[in-house]
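> coords below, sequence missing:
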């Protein structure tokens, strides 16, 4: 008996091994065969592309876009490698730093991209965008390209737009409050009314420590204004975080904590569980990004009775603030071309295809996410939530990225940790700003000492 | 062989070359890198001398990390070693139920650290987690806490998970030591009228000294290097409260982009691990000289 089992086990394991050893069409995240002869016997140009879209439906949508590019451009093959986001952050830096980067790669906007640009690692595509009477540039929605532009040159294309809004439970707000708050004071009274009714006003899952900073980031934008923010955030810029709005913004966030507006223990709560607090009706509002749209709508993880019981409003205006009070807050993930690529024209050709209306519509249809191309969202490929969001992005006077994506990385860390400490009550707004100024001065000294870095010279 | 040192050296050469290339070179290189300030994206390295170490000395987070590593070592030794010993002695026989129990206690180790971290994060969750629910069911509402979100509790909470995960592994190591003790010695002790406690204290423990020391070293070095569970469960937070040297090194290198600073932290870790090893070698060396 025992021998039988042993024999069977060996056979099954052997069969499994043989099967797994078979060369399938898809291996190691490669979406297309690495090499392919084309009709006239010439070898197609190979372009390497790295992305963080490891899961469906984004992965499949990209596959389709690459396939349609191949059929229109038989002289180019795009080999896609997908890497899980956290691992990607390290891998792409090592690849770029070691001088062997992929031709096209994924970027997060803001300081993350700026860092690559400072090291002269990214190819400017300003001319290509301006060709044919600015056709490509005008296809990109709103002022998104502004955040891919440094010193007059544009590096790459913003592709996916994510914004943060106050998502709210329509039943709870109708029942207990006077309606959607438009100013910060109205917002505070909405919170108070909800608390009086025994409802937690705000869900916050801050274990990953950046969600809390979104409040601070938006308050800073409303009070200080994006121009001043950018001058302060740039480690080599003229600003020094002296605007009183910085401390004030942190105080206003602390005020929310002290009023007990958030669920218990935000620092111990994951983002997923904060979302659950919101869709189970435990909390009435949830300041979060549009990446949650798919979880809340039909087919998502939220219970069925909740599918029609939510909506969202923009961050309230702060009276007397210097910033644009109608601005949205968000980031734009996108793609850039390496400055080391041997085939800049072909890489640009692919980027243009990826950024075309057809590709964008296909992506929206498959993924239900907002692609930053005019006309990407239509009656056919999107539901009412996505269409409303698209319209808001199209109408927005400006969309300002979150502070942690604009600040130098180690300075941003100080802010994020400071917000966690503020929730615990172990620090003060003044202390956080003092720590930020100190770290910023250190970064500035290091950047100046290393020379060249800020000028983008390739001294290696 | 003694007469031909050249042959001896030649025979050691392959191993020495591998050692030099994979161990010595990276170690020395890390120490060298810690004298520079540089970013992964820019090839320019700026000489900083001992500047990174001077910054480290003034960094309050380093102090937190060192304290936490010390807590990790102390608590891991204090909990895992006695518990593993108890399990090894208690369920060390070849009885079927003991074999099953050993498998059960060992099994957490074969679950990937990331999965362990996520499961326990759910367990500790303040709003939906099992722990607070359990405490509330017992009517002890005022004992509920934010657990991983609480600066004081975060590290002990993760150490608990680590103990859950590794005690079975240390039980296996101690078990190997137990089985090496000849049965005759126990028989002799029995004939001399020693009870279970005296047998353990005067026979088992002295004969296990070596293996216990090895195991203690494993726990110590593991606690200095601990990274995965913390990274998954708190990321070193809140506000650096559960930071240890390894997480702070990773954060400095890959979040803050301060490669030289991270190399300096790595060098501190290297010094601490070497210190632990030297102490251990001394201890076992004395043992050998005495025995």
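It's in. Being a predicted model, the structure only gives us computed values, none of them experimental.
> what helix or strand is the closest residue to chain B within the stretch 301-450 of chain A on?
Using Cβ to the nearest Cβ, residue A:410 is the residue of the stretch 301-450 of chain A that sits closest to chain B, at 3.6 Å. Backbone N, C-alpha and C define where each C-beta goes, glycine included. Assessed by DSSP states H and E, residue A:410 sits inside helix A:409-424.
> average pLDDT across that helix?
Mean per-residue pLDDT for helix A:409-424: 94.
> which residues make contact with the helix or strand that that helix is followed by from outside it?
With elements assigned by DSSP H and E, the helix or strand that comes after helix A:409-424 is helix A:429-449. Contacts to helix A:429-449, defined as Cβ atoms under 8 Å, 6 or more residues apart in numbering or on different chains, come from residues A:235-236, A:240-241, A:246-248, A:250-251, A:254, A:408, A:410-411, A:414-415, A:418-419, A:421-422, A:453-454, B:37, B:46, B:55.
> gap between helix A:429-449 and the chain center?
25 Å (Cα atoms, centre = their mean, to the nearest Å).
> what angle do that helix and helix A:409-424 make?
170 degrees (axes from the mean of the first three to the mean of the last three Cα atoms, to 10 degrees).
> who in chain B is up against chain A?
Residues of chain B found near chain A (Cβ under 8 Å from any Cβ of the partner chain) are B:37-46, B:55, B:121, B:124-128, B:145-151, B:234-235, B:237-240, B:251, B:254-258.
> what sits against the closest residue in space to residue B:149 that isn't next to it in sequence?
Nearest residue to residue B:149, sequence neighbours excluded (Cβ to Cβ, 6 or more residues apart in numbering or on different chains): residue A:268, at 2.3 Å. Contact analysis of residue A:268 by Cβ under 8 Å, 6+ apart lists A:207, B:124, B:125, B:126, B:145, B:146, B:147, B:148, B:149, B:150, B:238.
> of those residues, buried ones?
Buried members of the contacts of residue A:268, scored by 16 or more other Cβ atoms under 10 Å in any protein chain shown, are A:207, B:124, B:125, B:126, B:145, B:146, B:147, B:148, B:149, B:150, B:238.
> now those residues in a markdown table, with pLDDT?
Below are those laid out as a markdown table (pLDDT from 0 to 100):
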| residue | pLDDT |
| --- | --- |
| A:207 | 90 |
| B:124 | 94 |
| B:125 | 91 |
| B:126 | 90 |
| B:145 | 88 |
| B:146 | 88 |
| B:147 | 92 |
| B:148 | 92 |
| B:149 | 90 |
| B:150 | 91 |
| B:238 | 91 |
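> could I get those residues as TSV with secondary structure?
Converted to TSV, the buried ones among the contacts of residue A:268 look like this (DSSP: H, G, I helix; E, B strand; the rest coil):
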residue	secondary structure
A:207	coil
B:124	helix
B:125	coil
B:126	coil
B:145	coil
B:146	coil
B:147	helix
B:148	helix
B:149	helix
B:150	coil
B:238	coil
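> turn those residues into JSON lines, columns for distance to residue A:430.
Converted to JSON lines, those look like this (distance: Cβ to Cβ, whole Å):
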{"residue": "A:207", "distance to residue A:430": "26"}
{"residue": "B:124", "distance to residue A:430": "32"}
{"residue": "B:125", "distance to residue A:430": "33"}
{"residue": "B:126", "distance to residue A:430": "29"}
{"residue": "B:145", "distance to residue A:430": "28"}
{"residue": "B:146", "distance to residue A:430": "25"}
{"residue": "B:147", "distance to residue A:430": "30"}
{"residue": "B:148", "distance to residue A:430": "28"}
{"residue": "B:149", "distance to residue A:430": "24"}
{"residue": "B:150", "distance to residue A:430": "24"}
{"residue": "B:238", "distance to residue A:430": "20"}
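> nearest to residue A:49 among these?
residue A:207 (32.7 Å; Cβ to Cβ).
> touching, the closest one and residue A:270? I think so.
Yes: Residue A:207 lies in contact with residue A:270 (Cβ atoms under 8 Å); the separation is 5.0 Å.
> where do the contact lists of the two overlap?
Both residue A:207 and residue A:270 are contacted by residue B:121, under the criterion Cβ under 8 Å, 6+ apart.
> interface residues of the stretch 1-150 of chain A facing chain B?
Within the stretch 1-150 of chain A, the positions near chain B by Cβ under 8 Å from any Cβ are A:89, A:90, A:93, A:94, A:96, A:97, A:115, A:116, A:118, A:119, A:121.
> of these, just the buried ones, ChimeraX syntax please.
The following ChimeraX command selects only the buried members of the residues of the stretch 1-150 of chain A next to chain B, with burial defined by 16+ other Cβ under 10 Å:
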select /A:93,96,97,115,116,118,119,121
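> need the max-distance pair from the residues of the stretch 1-150 of chain A next to chain B.
Using Cβ to Cβ, the two most remote members of those are A:90 and A:118, lying 18.8 Å apart.
> mind listing what residue 177 touches?
Assuming you mean chain A. A:189, A:190, A:193, A:194.
> could you do chain B instead?
By Cβ under 8 Å, 6+ apart, residue B:177 lies in contact with B:88, B:208, B:210, B:211, B:212.
> and it, how far is that from chain A?
Counting by Cβ to the nearest Cβ, to the nearest Å, the separation of residue B:177 from chain A is 31 Å.
> now stretch A:377-388: average pLDDT?
Here the average pLDDT along stretch A:377-388 is 92.
> do stretch B:69-82 as well
On average, stretch B:69-82 scores 95.
> show me what counts as buried in stretch A:334-353.
Across stretch A:334-353, burial judged by 16+ other Cβ under 10 Å covers A:334-341, A:344, A:346-353.
> oops, could you answer that again for stretch B:48-65 instead?
Within stretch B:48-65, the residues scored as buried using 16+ other Cβ under 10 Å are B:48, B:51, B:52, B:53, B:55, B:56, B:61, B:62, B:64, B:65.
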